[in-house]
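*Asks:* Return atomic coordinates for the entry below.
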Amino acid sequence: MGFETQDVDRKVLAILKVLSESPTSVGSKVIARRLKEQGVDLSERAIRYHLNLMDERGLTQLRGQREGRQITARGKKEVANALVKDKVGFAISRIEVLAFRTTFDPQTRTGLVPVNISLFSRENFTKALMVMTPIFKAGLCVSDLVAVAHEGEALGDYIVPQGQVGMATVCSIVVNGTLLKAGVPIDSKFGGILQMQNHTPLRFVELIQYAGSSLDPTEIFIRANMTSVSKVAESGSGDILANYREVPAVCRSLIEEVEAKLKVAGIGGILMTGKVSEPVCEVPIELNRVGVVLIGGLNPVAAASELGIASESHAMSTVVDYKVLRSINEF
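*Replies:* Numbers count the residues shown, from 1 in each chain. A predicted model of the protein is given here:
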């Protein structure tokens with residue numbers, strides 16, 4: 001009986017997570033699709049059953065038969081507190097899902113690209129753009145290609161809330177997805193703060209392991225104001241957001257091929273690739289492995305945060321069609 005109750009709680013929590021990540025109300029069909037992307041297989045009928053029970057508990061509320069459900073304040077509290085052991089490793093599972101959903105082909109410049117979503121108030125967005133543009137131009141990002149949407153408009157499957165402007169920045173997981181399609185197994189290890197010196201990566205000064213985290217490390221570092229991205233853009237020295245991956249040594253040449261193809265399409269992301277079995281930026285590595293340092297896609301947003309410009313970021317949020325992306329200069 002205890003196991004059955006725990007299984008139900010996990011399903012409820014999974015549904016609540018989907019609702020908590022949706023700025024607008026959603027129906028059982030959308031919930032089923034998003035759960036499947038996360039490896040949770042629930043039928044629409046089963047979801048409707050759980051939603052009815054969740055309504056009775058005050059975790060969700062019906063917004064109309066067509067509009068679907070919306071999470072309540074009590075439901076948000078439940079997501080924050082319940083089953084913490086089930087949330088550990090959520091970041092790494094999110095990376096794997098988005099890498100799988102990435103269909104971008106650098107040669108044809110078509111397909112889906114993983115993005116982070118950042119929300120700004122309408123009043124602050126122009127000011128934020130002025131701060132972020134030099135960061136994009138300095139190359140402290142995965143790509144200078146972005147997508148912008150206003151309230152009620154969509155960025156992938158994310159709807160921008162009222163009174164806000166949403167900006168999608170290319171996520172470093174595009175490297176994971178592209179390497180995966182090229183047959184390269186890639187192990188996502190850490191998100192961290194990378195110290196730069198004279199425009200060159202020096203060492204990681206902070207690291208959070210994806211497999212042991214319930215939150216994306218990038219969001220944590222931005223909220224804690226632990227970066228100095230603007231300083232790096234101006235002088236070449238300071239702290240930026242970066243990620244650490246590992247691949248088998250035999251795949252090193254394939255990494256260089258994929259990197260070259262991505263650059264032609266206006267996408268970078270790879271800051272440096274180490275030598276076989278040698279530490280990269282002071283991160284130890286096992287034999288016959290190669291360390292790869294990826295730049296964080298939210299560095300421009302971190303720079304805005306450094307100057308007190310409020311924003312809400314959802315790292316590793318969704319995927320968008322490459323065709324909707326435009327150079328930051330167009331905005």
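*Asks:* now the helices for the stretch 101-250 of the chain?
*Replies:* 122-137, 173-181, 217-223, 229-235 (DSSP state H, counting those that start in this stretch).
*Asks:* Run the chain-centre distance for the longest one.
*Replies:* In other words, helix 122-137. Its chain's C-alpha centre and that of helix 122-137 lie 20 Å apart, by CA atoms, centre = their mean, to the nearest Å.
*Asks:* Output the contacting helices and strands for that helix.
*Replies:* Contact here means 3 or more CB pairs under 8 Å, 6 or more residues apart in numbering; DSSP states H and E; on that basis helix 122-137 packs against strand 164-170, helix 229-235, helix 299-306. All C-beta atoms are positioned from the backbone trio N, CA, C, and that covers glycine.
*Asks:* repeat that with 10 Å
*Replies:* strand 112-121, strand 145-150, strand 164-170, helix 229-235, helix 299-306 (3 or more CB pairs under 10 Å, 6 or more residues apart in numbering; DSSP states H and E).
*Asks:* pLDDT averaged over it, what's the number?
*Replies:* If you average the pLDDT over helix 122-137, you get 95.
*Asks:* which residue ranges form the strands in the protein?
*Replies:* 60-62, 69-71, 112-121, 145-150, 154-155, 158-159, 164-170, 187-197, 200-209, 238-248, 270-273, 289-295, 312-321, 326-327 (DSSP state E).
*Asks:* Parallel or antiparallel, list what pairs with the third one.
*Replies:* Taking DSSP bridges as the criterion, strand 112-121 forms sheet pairs with strand 164-170 (antiparallel), strand 312-321 (antiparallel).
*Asks:* about what we covered before: let me have the strands of the chain in a markdown table, extended by distance to residue 41 and mean neighbour count.
*Replies:* Output for the strands of the chain, formatted as a markdown table (distance: least, CB to CB, whole Å; neighbours: other CB atoms under 10 Å):
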| stretch | distance to residue 41 | mean neighbour count |
| --- | --- | --- |
| strand 60-62 | 21 | 18 |
| strand 69-71 | 20 | 23 |
| strand 112-121 | 22 | 25 |
| strand 145-150 | 31 | 20 |
| strand 154-155 | 26 | 20 |
| strand 158-159 | 23 | 20 |
| strand 164-170 | 28 | 25 |
| strand 187-197 | 24 | 22 |
| strand 200-209 | 28 | 16 |
| strand 238-248 | 29 | 23 |
| strand 270-273 | 35 | 18 |
| strand 289-295 | 31 | 22 |
| strand 312-321 | 20 | 22 |
| strand 326-327 | 37 | 12 |
